[in-house]
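Asker: Take this sequence and fold it.
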Amino acid sequence: MKQFTPKTFNIPNLKGISAKNLEEHLKLYAGYVKNANLVQETITEFKKNIDKNAYALGEVNRRFGFEYNGMRNHEVYFSSLESGAVPLAEKSELKKMIVETWGSFDSWLAEFKAIALTRGIGWTMLYFDRKDNRLLNAWVDEQHLGQLQDCALILALDMWEHSYVIDYQPSGKKNYVEDFFANLNWKVVGDNFSAASKMVTMI
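Answerer: As a prediction, this is how the structure comes out:
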């Protein structure tokens, strides 16, 4: 069976988010990759006797969604911090659609940040809905509950405590969110949007 391989990221020194925090966070990401592979191997074994392992097979498939989404969400998150902060181009197609959808970039940003401060652990997401050719903000509990069907993930903000607690303490969520945007490489986010947009004609 083909194995998932952890990606490497070219992340410079960040405002507010320490090298130690990143080191520990990347270890956690590597754990998701490892566990996604282990779950796949376990599924392969259980399928050898489906009648005997039917219940266990169902449970381990539930676990796969958690590990796999944890892996992919982190890849979008870390990629958006690569190569230093880059502003969103004023004439970009992504900026144009954000303004068309929310009225202004600032309106979108205020909504996204408010979602990020939701109580509990999870992810704040900007998706591109390929069915309706539109953008959607969303909160995803943990990472396997609430991901939007058939939507491409454009921007992912990790709001599990492990993403910020080393540097900000639990009370510092708001500062972490502000620093995330100060470090964000919008070119990467724009590339995610462009790639997703090109897929619309294929659906």
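
Asker: Show me what counts as buried in the lowest-mean-pLDDT helix or strand in the chain.
Answerer: For the chain, scoring each helix and strand by mean pLDDT, DSSP states H and E identifies helix 50-79 as the least confident one, at a mean of 91. Across helix 50-79, burial judged by 16 or more other CB atoms under 10 Å covers 53, 57, 60, 63-79. Every residue, glycine included, has its C-beta placed from N, CA and C.

Asker: ok, now stretch 163-173?
Answerer: Residues of stretch 163-173 classed as buried: Ser163, Tyr164, Val165, Ile166, Asp167, Tyr168, Lys173 (neighbour count, 16+ other CB under 10 Å).

Asker: among the residues you listed, which two are most distant?
Answerer: Greatest spatial distance among the buried residues of stretch 163-173 (CB to CB): Ile166 and Lys173, at 13.2 Å.

Asker: Give me the distance between the most centrally placed residue in the chain and Glu67.
Answerer: When the chain is reduced to its mean C-alpha position, the nearest residue by CA atoms, centre = their mean turns out to be Asn73, at 3.0 Å. According to CB to CB, to the nearest Å, Asn73 and Glu67 sit 11 Å apart.

Asker: Run a quick neighbour tally on the closest residue to Ala85 other than its chain neighbours.
Answerer: Distances taken as CB to CB, 6 or more residues apart in numbering place Asn183 nearest to Ala85, at 5.4 Å, with adjacent residues excluded. Using other CB atoms under 10 Å, Asn183 has 18 other residues around it.
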